[in-house]
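# Below are the sequence and a predicted model; questions follow.
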Amino acid sequence: MYALTVKDISVTYDKQLALENVSFAVPEGSITGIIGPNGAGKSTLIKSILQLLPTLSGKVEVFNKPIRVQKKIIGYVPQRSEVDWDFPTNALDVVLMGRYNHIGLFKRANKKEIVWAKHCLERVGMQAYASRQISQLSGGQQQRVFLARAMAQDAKIYFMDEPFAGVDASTEKAIIQLMKEWKEEGKTVLVVHHDLQTVNDYFDHVLLLNKTPIAYGETNRVFTLDNLEEAYGGKIAFLQKEPTAVKGST
């Protein structure tokens, strides 16, 4: 079964065409990287899939149903730059926000929900910071809290927008470990990513994007020199058959 099916999505942003006729289908229980140069529309794609941005055309299905009726099984980790880290709340409360679809927006979390939220913090190594204000956390710690919030949703499919940006090596390792655990549990993960050196190690499938799909499929088939040069519009050197540190941000 496909966890996500995207058909002919086109999007304009600031009156410019940001995405054109994007189609792909993601198998359940896989980890997919969305790769492309600066301005390729990677974050725009995730936001349009999640209906956070309007689309000109296209259709999105999650487990063969319209995405609008599947919100409870979707988890989302936004870019850190899009979060108001000065908002007066602590780490535990942020994680509990991930339970709103289950407990209701205006209902208080019960003991069971709080225990679950603390468990999620523990899984990302942040249980000792449950009462810490998020503004007092480091960048890597803040990202771990948002991972715990996504985990608290107990979703079947997760969207992560640049989760490795600006984090330390230990946090990156923790994120990868969590992604692998989600995969083992049969969950599906899509990740906007910019570090070409780690693509082969991190992802089962890759979508190479530059406003329109360049290639999509299993990483060992799609992540090739020819496809990368087409996506990035120029020569990319390889080191031991893998890309050097050529990076493109969203």
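Cool, the structure landed. Note that the structure is predicted; figures quoted are calculated from it, not measured.

# Now do the longest helix that the chain contains, average pLDDT.
Looking across the chain with DSSP state H, the single longest helix is helix 169-184. When pLDDT is averaged along helix 169-184, the result is 91.

# What lies in contact with it?
29-31, 123-125, 140-141, 143-144, 147, 151, 158, 163-164, 167, 188-189, 191, 202, 204 (Cβ atoms under 8 Å, 6 or more residues apart in numbering). Quick note: C-beta positions are derived from backbone N, CA and C, even for glycine.

# What residues of it count as buried?
Residues of helix 169-184 classed as buried: 171-172, 174-176, 178-179, 182 (neighbour count, 16 or more other Cβ atoms under 10 Å).

# got it, and stretch 72-83?
Those would be 73-80, 83, for stretch 72-83 by 16+ other Cβ under 10 Å.

# So which of those residues sit within strands?
Among the buried residues of stretch 72-83, the members falling in strands (DSSP state E) are 74-77.

# that older thread, can you redo the buried residues of helix 169-184 as JSON lines with distance to residue 2?
Formatted as JSON lines, these follow (distance: Cβ to Cβ, whole Å):
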{"residue": "171", "distance to residue 2": "31"}
{"residue": "172", "distance to residue 2": "28"}
{"residue": "174", "distance to residue 2": "28"}
{"residue": "175", "distance to residue 2": "24"}
{"residue": "176", "distance to residue 2": "24"}
{"residue": "178", "distance to residue 2": "23"}
{"residue": "179", "distance to residue 2": "19"}
{"residue": "182", "distance to residue 2": "17"}
